[in-house]
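J.: please find the sequence and the predicted model below.
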Amino acid sequence: MNRLTKKLTDLKEENKKALVAYLVAGDPDIETTVELIKLLVDSGADIIEIGVPFTDPIAEGPIIQKAHDRALANDVSLKTIYDIVNKFRDLDNETPLVLMGYLNTFLSHKKLIEENQNNAIDSILVVDIPGELNLADYGITNETINTISLISPTTKKDRIQSIAKNSSGFIYYVTLRGVTGASNLDVKEINTNIDEIKKHASVPVLAGFGIKSKEDAKLLADCSDGVIIGSSIVQMIEDDSQTKEFDRIGAYITQIKQAIS
Amino acid sequence: MTTNKHNWPDKDGFFGEYGGKFVPETLMHALEELEKTYNNFKDKPEFKEQFYKDLSEFVGRPSPLYFAERLTNHYGTGSIWLKREDLNHTGAHKINNTIGQILLAKYMGKERIIAETGAGQHGVATATVAARLGLECHIYMGAEDVQRQSLNVYRMKLLGAEVHSVESGSATLKDALNEALRDWVTNVDNTYYIIGSVTGPHPYPMIVRDFNSVVGEEVVAQSKDLFNDMPNAIVACVGGGSNAMGIFYPFIDIKETRLIGVEAGGEGVETGEHAAPLNDGTPGVLHGALSYLMQNDSGQVKATKSVSAGLDYPGVGPEHSLLKDSGRAEYVAVTDKAALKAFHEVSELEGIIPALETAHAFAYLDVLMKDFDSSANIIVNVSGRGDKDINTVAEIDGIKF
Ligand SMILES: Cc1ncc(COP(=O)(O)O)c(C=O)c1O
């Protein structure tokens, strides 16, 4: 079974919520990314979402944009990302790995994804395609990789159904109108919308965008199957990349994990 | 049997294989809403009446098709005609599209307007129509362009718009578009995004083309009146491609007219330092559409170089990509140097200071006029006037005020 599907099924059976941690591949550098993924997992992250850097990441706020720029300065491409995940897979062959990125970088590396060396990647989320489409619609097929689709507060009911049908990993509910790292969560609206999505979706529904504190995480975990944390982690990576002392990040993840347990 | 008539985009927003709607899910509903509004209003008599009334009374249309006598003599062959979009209110073709889109914004009840701009002409045009309707207006502009087009920045401010200088990436037009899209994702409920070229996700390339096609429609009629024939060639500069698309579109099925788009060749296409994706790019997805794009092997968008802020963009409208592949239009490039030479020549020969963007179209006449005998009629689309570029050119020429 696909690692992501297995993990989400196991968590559901244990009545637990999923914690997804995001970082950008190659930020601050390739070696450190492997260590950071390991740290996130050891501190309590269930699933790792790896940002594929792109020159024009239109869905990202300033914090993650800067991380993309730092990674690009290190010449990180999908090819290097496979090096990173293969190194991680030597240490850990169970934690699900999700790639999150923009269509153009995937289109430029069709072959890499079709091969999916060592089955290292479990799922792909393409930020800039409509929710009801996936990579197969753009000529990229690999049956072992599943698809994560976005649903947002502006998605109307008729679209929710077709998107839910297409998603094979989980549904990523974007909790606000805005870019990553923004902070205008409307918990009531989120509740209503996730309830609606759950009527149609057979896969879990996770919430992400704008979750920073353990209080945010708890509120959103209560109405979903799990939460995704990105900008806060990426900011700490930036702050601590000189010293490479990342203990703070580990402690933060552990705190969030406790809050949603 | 299908006809060979050019009839794009298809219902999904594709021009052949190009175009589409590659945006984050948050924007999907807004694009559908826009498409519905446009399809609902575009053929309504009251909409057309208002659009053409505004174009006539506020913009000053139709713009003349003007015989360029001294430029013609300079080349010693054919007749060169100038489509005078530089005479429009605010000084460029960009106003045509904004007049149309602001009506859509009004019908949709949006109270906040955003736009990106490179040369500042689209920003000025947007600030102008927003002021006219009393709507809040935000313009995103790359920090480098804020510098080199400072005159237009002040014009936008005078018109009541807030200008946001964008420092990210290459700090030019592409980054201004990124930032405008981020604003739109955040404020989508009350905000209308007026895209300034035939770029972006469907339905924008279609809407901007249709509104700007008034230029080509006038040229069809004026050509009949003035030389009782269709032109042998039409030349236009191509940044995102809106002035070119607007003048080409009514001619696509008039096969005797050659359509020639001139891209920014920067230091020369062979150097890689340019902004000419149709000459030296490959298909890729940027800003919501699949089209020719300057990118590396990993799908990262390359930095561009052009003396002209309005052409300094790594992508191009998807319909141009189709016209390139089908061979219906020809796409060439001229260097910064050639454009600057044309800028001075046209100023001195015709008493018209063209925009640096437009100067690229003029520069190609050096090559093109060799193809024609004296009976030929060649039209240059004068997409805008050059007042905004005075500082840039003076600096290049080493002149201090
Ligand atoms: C005068 C003028 N011409 C041309 C352009 C290029 O845009 P497009 O290719 O969309 O016509 C601009 C853009 O700013 C402009 O100001």
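T.: Done, it's in. Nothing here was measured: the structure is a model prediction, and the numbers come from that model.

J.: in the stretch 201-350 of chain B, which residue sits nearest chain A?
T.: B:Gly299 (3.2 Å; Cβ to the nearest Cβ). C-betas here are computed from N, CA, C, even on glycine.

J.: secondary structure element for B:Ala115, which one?
T.: strand B:112-117 (DSSP states H and E).

J.: which parts of the stretch 1-150 of chain B sit against chain A?
T.: Within reach of chain A by Cβ under 8 Å from any Cβ of the partner chain, the stretch 1-150 of chain B has these residues: B:21-30.

J.: and the furthest pair within the residues you listed?
T.: Across the residues of the stretch 1-150 of chain B next to chain A, the longest distance by Cβ to Cβ is 15.5 Å; it joins B:Phe22 and B:His29.

J.: give me the more crowded residue out of these two.
T.: For B:Phe22 versus B:His29, neighbours defined as other Cβ atoms under 10 Å in any protein chain shown are more numerous around B:Phe22 (26 against 17).

J.: wait, that one sits on B:Gly200?
T.: No - with contact defined as Cβ atoms under 8 Å, B:Phe22 does not reach B:Gly200; the gap is 9.9 Å.

J.: overlap of the contact sets of the two?
T.: In terms of Cβ atoms under 8 Å, 6 or more residues apart in numbering or on different chains, B:Phe22 and B:Gly200 are both contacted by the residues B:288-289.

J.: near chain A, anything from stretch B:158-170?
T.: Yes - judged by Cβ under 8 Å from any Cβ, stretch B:158-170 comes into contact with chain A at B:168-169.

J.: start and end of that stretch, how far apart?
T.: 27 Å (Cα to Cα, to the nearest Å).

J.: pLDDT at the closest residue to B:Val301 other than its chain neighbours, what is it?
T.: If the residues on either side of it in the chain are set aside, B:Val301 comes closest to A:Thr55, at 4.4 Å by Cβ to Cβ, 6 or more residues apart in numbering or on different chains. A:Thr55 is assigned 97 on the pLDDT scale.

J.: name all residues that make contact with A:Ile64.
T.: Residues in contact with A:Ile64, defined by Cβ under 8 Å, 6+ apart, are A:24, A:51, A:57, A:180-181, A:230-231, A:234.

J.: look up the closest residue to B:Pro277, ignoring the ones flanking it.
T.: Closest residue to B:Pro277 apart from its sequence neighbours, by Cβ to Cβ, 6+ apart: B:Tyr292 at 4.3 Å.

J.: any idea how far B:Met206 is from the one you found?
T.: B:Tyr292 sits at a distance of 18 Å from B:Met206 (criterion: Cβ to Cβ, to the nearest Å).

J.: so between these two, which is more surrounded?
T.: More neighbours surround B:Tyr292 than the other of B:Tyr292 and B:Met206, with 26 against 21 (other Cβ under 10 Å).

J.: which strand or helix spans the more buried one?
T.: B:Tyr292 belongs to strand B:289-293 when assigned by DSSP H and E.

J.: list the contacts of that strand.
T.: A:104, B:17-22, B:199-202, B:205, B:277-278, B:281-286, B:301, B:314-318, B:320-321, B:324.

J.: which residues touch the next helix or strand after that strand?
T.: Counting by DSSP H and E, the next helix or strand C-terminal to strand B:289-293 is helix B:318-326. Defining contact as Cβ under 8 Å, 6+ apart, one finds that helix B:318-326 is touched by B:8-9, B:14-20, B:198-199, B:205, B:209, B:238, B:241, B:244-245, B:248, B:252, B:259, B:261, B:278, B:283, B:289-292, B:329, B:331.

J.: what's in contact with the helix or strand following helix B:318-326?
T.: Downstream of helix B:318-326, the first helix or strand assigned by DSSP H and E is strand B:329-334. If you take Cβ under 8 Å, 6+ apart as the criterion, strand B:329-334 is touched by B:238, B:248, B:258-265, B:269, B:274, B:276, B:278-280, B:320, B:323-324, B:342, B:360, B:363-364, B:367.

J.: quick check: buried residues in stretch A:72-87?
T.: A:72, A:76-78, A:80-85, A:87 (16 or more other Cβ atoms under 10 Å in any protein chain shown).

J.: and stretch B:207-220, by the same measure?
T.: B:207-216, B:218-219.

J.: now swap in stretch B:267-276 and tell me
T.: For stretch B:267-276, by 16+ other Cβ under 10 Å, it's B:268-269, B:273-276.

J.: between the residues you listed, which sits nearest A:Leu19?
T.: B:Ala275 (44.3 Å).

J.: my guess is the closest one meets B:Val301, correct?
T.: No - B:Ala275 is beyond contact range of B:Val301, at 11.6 Å (criterion: Cβ under 8 Å).

J.: between these two, which contacts overlap?
T.: In contact with both B:Ala275 and B:Val301: B:294, B:314, using Cβ under 8 Å, 6+ apart.

J.: so which residue is dead centre in chain A?
T.: For chain A, the residue nearest the mean C-alpha position is A:Glu49 (3.5 Å; Cα atoms, centre = their mean).

J.: that residue: which element?
T.: Using DSSP H and E, A:Glu49 falls in strand A:47-51.

J.: just checking, what packs against that strand?
T.: Using 3 or more Cβ pairs under 8 Å, 6 or more residues apart in numbering or on different chains; DSSP states H and E, the elements in contact with strand A:47-51 are strand A:18-24, helix A:30-42, helix A:62-73, helix A:78-91, strand A:97-101.

J.: out of those, which one sits most buried?
T.: strand A:18-24 (a mean of 26; mean count of other Cβ atoms under 10 Å in any protein chain shown).

J.: now intersect the contacts of strand B:329-334 with the helices, please.
T.: With DSSP state H as the criterion, helices contain B:248, B:278-280, B:320, B:323-324, B:342, B:360, B:363, B:367 from among the contacts of strand B:329-334.

J.: hmm, back to that, adding mean pLDDT, write the helices and strands packed on strand A:47-51 out as a markdown table.
T.: Shown next, in a markdown table, are those (pLDDT from 0 to 100):
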| stretch | mean pLDDT |
| --- | --- |
| strand A:18-24 | 98 |
| helix A:30-42 | 98 |
| helix A:62-73 | 97 |
| helix A:78-91 | 97 |
| strand A:97-101 | 98 |
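
J.: could these go into JSON lines alongside distance to A:Leu135?
T.: JSON lines is the format used below for the helices and strands packed on strand A:47-51 (distance: least, Cβ to Cβ, whole Å):
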{"stretch": "strand A:18-24", "distance to A:Leu135": "20"}
{"stretch": "helix A:30-42", "distance to A:Leu135": "23"}
{"stretch": "helix A:62-73", "distance to A:Leu135": "20"}
{"stretch": "helix A:78-91", "distance to A:Leu135": "13"}
{"stretch": "strand A:97-101", "distance to A:Leu135": "10"}
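
J.: and those: which comes nearest A:Lys214?
T.: Nearest to A:Lys214, of the helices and strands packed on strand A:47-51 and by Cβ to Cβ, is strand A:18-24 at 11.0 Å.
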